[in-house]
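>>> Requesting a structural model of the entry that follows:
(chains A and B)
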Number of protein chains: 2
Amino acid sequence: MSHILILGGDGYLGWPTAMYFSDRGYEVTVVDNYFRRNACVELDVGMLYPVTSLIERAKTWHELTGKEIKVVIGDLTEPEVMRSFFDGRIQYSWAVDGNFSGIPETVFHYAEQPSAPYSLINYKYANITITNNLLVTNNLMFAVRDFSRDTHIIKLGTMGEYGTPKIDIEEGWIDIEHKGKKDRFLFPRQAGSIYHTTKVMDTDLLWFGVRMWDLRVTDLMQGPVYGIETEDGGQRADDGGRRTERSESRHLRTIFNYDEIFGTIVNRFVAQAVVEYPLTVYGKGGQTRGYLNINDTLQCVHMAEQKPAANGELRVFNQIMETFSVNELAEMTHRVGRKLGYDVQIEHIENPRKEAEEHYYNPTYQGLIELGVKPHYLTDDVLAGMFRLVEQYRDNIRKDVIFRGVKW
Amino acid sequence: MSHILILGGDGYLGWPTAMYFSDRGYEVTVVDNYFRRNACVELDVGMLYPVTSLIERAKTWHELTGKEIKVVIGDLTEPEVMRSFFDGRIQYSWAVDGNFSGIPETVFHYAEQPSAPYSLINYKYANITITNNLLVTNNLMFAVRDFSRDTHIIKLGTMGEYGTPKIDIEEGWIDIEHKGKKDRFLFPRQAGSIYHTTKVMDTDLLWFGVRMWDLRVTDLMQGPVYGIETEDGGQRADDGGRRTERSESRHLRTIFNYDEIFGTIVNRFVAQAVVEYPLTVYGKGGQTRGYLNINDTLQCVHMAEQKPAANGELRVFNQIMETFSVNELAEMTHRVGRKLGYDVQIEHIENPRKEAEEHYYNPTYQGLIELGVKPHYLTDDVLAGMFRLVEQYRDNIRKDVIFRGVKW
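Below is the predicted model of the structure:
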């Protein structure tokens, strides 16, 4: 049975990834230090619904499915915590079988501070973002180097690493001809936040490890993800099935933020529409990015795991399924919300960020499709489904915490 | 009177920079946490001669010249220490006049862990290198953003950021034409150590700050520096002058390491030759890099200070004066050492690093010359002068600490 380790297993993507692979017969270990939850409390960020602890969710999963997801609550910036997953000194915080699962064949690295505004609240949050993200990555790289060079590292990058260049964005690499000579390089990256810059740095670290020690790394340059329901978790709660399972498995839903700091744009727009808080478009709204459904994130990491990078390869995929401008997302949310009876307004506010509000944007994103991913697209129906789920929790949405006014 | 702040003022380049500018009438503040000295003790790294404390050297400088170099012993990874130089809450560890000097017009950022082998001793030293170098840079960037956006940041990068690409190395920037469209980017960088990778990251951080907040940054991509004597410090000790001044100013010499971890190659080769320890060439010895005399470092930072970057500009110079392969440096040291009567041997040892031992290398380095720097070149006479100085301390050189065997 293949063994996977998920760093950041309590997060928006980490927990669904754990269920997805557990459901498919993998031996799964998750680790998290509750960074995101603690930050949500500290910053008074609202959640759409309460999320039970990682251990409680693993127990619920075990009760419902008979499958085990081993849990460690620990801080991966501590190198000894990271190394314990490779040298067997790990102590599980919860497990059915407390014996060491063995060295993971694949590590999914989600254990990062994932918010651009968080990283720019002030210098302290910038420092936290830098140390957290780089130390976790570096500890992972050295643990794999020291104990298991065949372990495949699948890390999340972000399309934000590329910024908005005036040339077409390739999948990670570019051939440059200069003064009659040629070489191949990582595609130029210049990010728009401290958070995004740490992702550039992560890549540089791992690219060093790949060149020096023949590590195997897949870097998934992901766009903003939207959605709540995944086939293994949340969806089980709503698509019929036995009543007992439904009420239990509601506790398996992943964390959902709807604020400016931790809420991704589509999720946030739906929540804003449901409480009739105007959709806040920054400046002209021509900012264009690539997006994907949370179910496609799961497909992508699965395909990357199934067909791993070779030793000495840093393989890069642009993990998006389609592109939208902020205006297009606002208009779609407006249209679907109106149909559902909500008085949705769109408000252009002064851009709190320094970014191009109209720009060229032409990224390539064929690699994951070629690996076998079948895209879900953001249609009116999909958006309506999100509305129906979010409106169940309408009373939980606090309008006062949606816009935070972090400027840079 | 222009006020400059030197981060890392106790180091090989920091202290000579302090004397250089103090001598020219600048108000100078230096800060250091003795990271390098402490590391030398921890790792049992030898110094060619004892170096008195930063405070003692500042006092000696004051006695000899009547000029004041204000000293702070403090850790710049602590943001409040960095910010105290800008908000006036600074407490000097030593000063003639303890009043706040005011916000610096120019900051020289040398406060980094500067050794590639140190960064790769093991994962702990890698983490120390990452956190030290990035937090100091980030704290500096935010302090300048928050208190003084016109302060010019002059930071040391390294030619090692570029690695050894198969295309010509430009000064920091490259125009890329791709699929019929054009844009300008930072020159591709892929470094050969964790240390060098942190310098890539430094640049990415400051490039973010330049784009977001119109900061003024000069990035000096320096090659390995050689030499001891500077016009203001060490040289005063040897070029005639009053006897009293000579014996006093010997205490102004900068730190000189001759080992594999902190000793730069030319300095180390001279020390090895003087004790007749074979010159250790890694592998084939075709590794080619750019080099410069310590006096040229001082000229370069002075020119960069005199003609600062504009707001919103990240200005990059390749700070080297000539290129040599390791074989060429070994042969030169061999030739000069033999002439001086030393039985110098050259030994090719198995390369402890993963690097190209024969490669294309064609960097541009005209920018600083155009600013007015007059290069010193590494001639047999210059090398012989280094031999004469190093041989005064021959008995201090410990052969057992020269080669450390750090592998990657």
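
>>> ok, which stretches of the stretch 201-350 of chain A are strands?
A:216-222, A:225-226, A:279-282, A:288-293, A:313-319, A:322-325, A:346-349 (DSSP state E, counting those that start in this stretch).

>>> Residue numbers of the stretch 51-200 of chain A in contact with chain B?
Counting by Cβ under 8 Å from any Cβ of the partner chain, the residues of the stretch 51-200 of chain A lying close to chain B are A:79, A:122-124, A:126-127, A:130-131, A:134-135, A:138-139, A:142-143, A:146, A:165-168, A:174, A:176-179, A:181-183, A:185-186, A:188-194, A:197, A:200. C-betas here are computed from N, CA, C, even on glycine.

>>> One more pass at 6 Å, please.
With Cβ under 6 Å from any Cβ of the partner chain as the criterion, the stretch 51-200 of chain A meets chain B at residues A:79, A:123, A:126-127, A:130-131, A:134-135, A:138, A:142, A:165-168, A:178-179, A:181, A:183, A:185, A:188, A:197, A:200.

>>> Give me the subset of those residues lying in helices.
Counting by DSSP state H, those place A:79, A:123, A:126-127, A:130-131, A:134-135, A:138, A:142, A:197, A:200 in helices.

>>> pLDDT wise, what is whichever residue of the stretch 301-408 of chain A sits closest to chain B at?
Taking Cβ to the nearest Cβ, chain B has its nearest neighbour within the stretch 301-408 of chain A at A:Lys354, 5.1 Å off. Looking at A:Lys354, its pLDDT stands at 94.

>>> Run through the residues that contact it.
By Cβ atoms under 6 Å, 6 or more residues apart in numbering or on different chains, the residues touching A:Lys354 are B:Met212.

>>> My guess is A:Glu305 contacts A:Thr106. True?
Yes - with contact taken as Cβ atoms under 6 Å, A:Glu305 and A:Thr106 are classed as touching, separated by 5.0 Å.

>>> between those two, which one's more packed in?
With neighbours defined as other Cβ atoms under 10 Å in any protein chain shown, A:Glu305 and A:Thr106 compare such that A:Thr106 has more, 22 against 19.

>>> In chain A, which residue sits furthest out from the middle?
Using Cα atoms, centre = their mean, the residue of chain A lying farthest from its centre is A:Gly180. It sits 40.8 Å away.

>>> Look at that one and report its pLDDT.
97.

>>> Tell me how many other residues crowd the nearest residue to A:Tyr277 once chain neighbours are set aside.
Leaving aside its sequence neighbours, A:Tyr277 sits nearest to A:Lys399 (Cβ to Cβ, 6 or more residues apart in numbering or on different chains; 5.1 Å). Neighbour count for A:Lys399, taken as other Cβ under 10 Å: 12.

>>> ok, back up a step: can I take it that the residue of the stretch 301-408 of chain A closest to chain B is in a helix?
No - per DSSP: H, G, I helix; E, B strand; the rest coil, A:Lys354 lies outside any helix segment and is coil.

>>> that older thread, identify the farthest-apart pair in the ones in helices among the residues of the stretch 51-200 of chain A next to chain B.
A:Tyr123 and A:Phe142 (27.6 Å; Cβ to Cβ).

>>> Run through the residues that contact the closest residue to A:Thr264 other than its chain neighbours.
Residue nearest to A:Thr264 in three dimensions, not counting chain neighbours: A:Pro224, with 4.4 Å by Cβ to Cβ, 6+ apart. Neighbouring residues of A:Pro224 by Cβ under 6 Å, 6+ apart: A:264-265, A:291.

>>> quick one: low-confidence ranges for the stretch 201-350 of chain A?
Applying pLDDT under 70 to the stretch 201-350 of chain A flags the ranges A:232-248.

>>> what ranges do the helices span in it?
A:243-249, A:265-274, A:294-306, A:326-339 (DSSP state H, counting those that start in this stretch).

>>> Now distance to B:Gly385 too, for those helices, in TSV please.
Putting the helices of the stretch 201-350 of chain A into TSV (distance: least, Cβ to Cβ, whole Å) gives the following:
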stretch	distance to B:Gly385
helix A:243-249	78
helix A:265-274	64
helix A:294-306	58
helix A:326-339	64
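
>>> Most tightly packed of these?
Comparing the helices of the stretch 201-350 of chain A by mean neighbour count (mean count of other Cβ atoms under 10 Å in any protein chain shown), helix A:265-274 ranks first with a mean of 26.

>>> residues in contact with it?
By Cβ under 6 Å, 6+ apart, the residues outside helix A:265-274 that reach it are A:224, A:226, A:258, A:279, A:333, A:337, A:342, A:344, A:386-387, A:390-391, A:394, A:397.

>>> Buried residues in stretch A:44-56, which are they?
For stretch A:44-56, the neighbour count (16 or more other Cβ atoms under 10 Å in any protein chain shown) marks A:45-48, A:51, A:53-55 as buried.

>>> measure it end to end?
Across stretch A:44-56, the terminal residues are separated by 23 Å (Cα to Cα, to the nearest Å).

>>> Check stretch A:213-227 too.
Taking Cα to Cα, stretch A:213-227 runs 38 Å from one end to the other.

>>> quick check, distance from that stretch to the centre of its chain.
10 Å (Cα atoms, centre = their mean, to the nearest Å).

>>> Show me which positions of that stretch end up buried.
Buried, per 16+ other Cβ under 10 Å, within stretch A:213-227: A:213, A:215-227.

>>> what's the answer for stretch A:138-153, then?
A:138-145, A:148, A:151-153.

>>> same deal with stretch A:102-114?
A:103-114.

>>> cool, and stretch A:166-177?
A:167-172, A:174, A:176.

>>> Including pLDDT and distance to B:Pro375, could these go into a markdown table?
Formatted as a markdown table, the buried residues of stretch A:166-177 follow (pLDDT from 0 to 100; distance: Cβ to Cβ, whole Å):
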| residue | pLDDT | distance to B:Pro375 |
| --- | --- | --- |
| A:Ile167 | 98 | 37 |
| A:Asp168 | 98 | 41 |
| A:Ile169 | 98 | 41 |
| A:Glu170 | 98 | 40 |
| A:Glu171 | 97 | 43 |
| A:Gly172 | 97 | 39 |
| A:Ile174 | 98 | 35 |
| A:Ile176 | 98 | 30 |
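
>>> Among those, which one sits closest to chain B?
A:Ile167 (4.3 Å).

>>> Residues of the stretch 301-408 of chain A that sit close to chain B?
With Cβ under 6 Å from any Cβ as the criterion, the stretch 301-408 of chain A meets chain B at residues A:354, A:408.

>>> Report the distance from whichever strand or helix holds A:Leu64 to the chain centre.
For A:Leu64, the host element (DSSP states H and E) is helix A:54-65. Distance, stretch centre to chain centre, for helix A:54-65: 22 Å (Cα atoms, centre = their mean).
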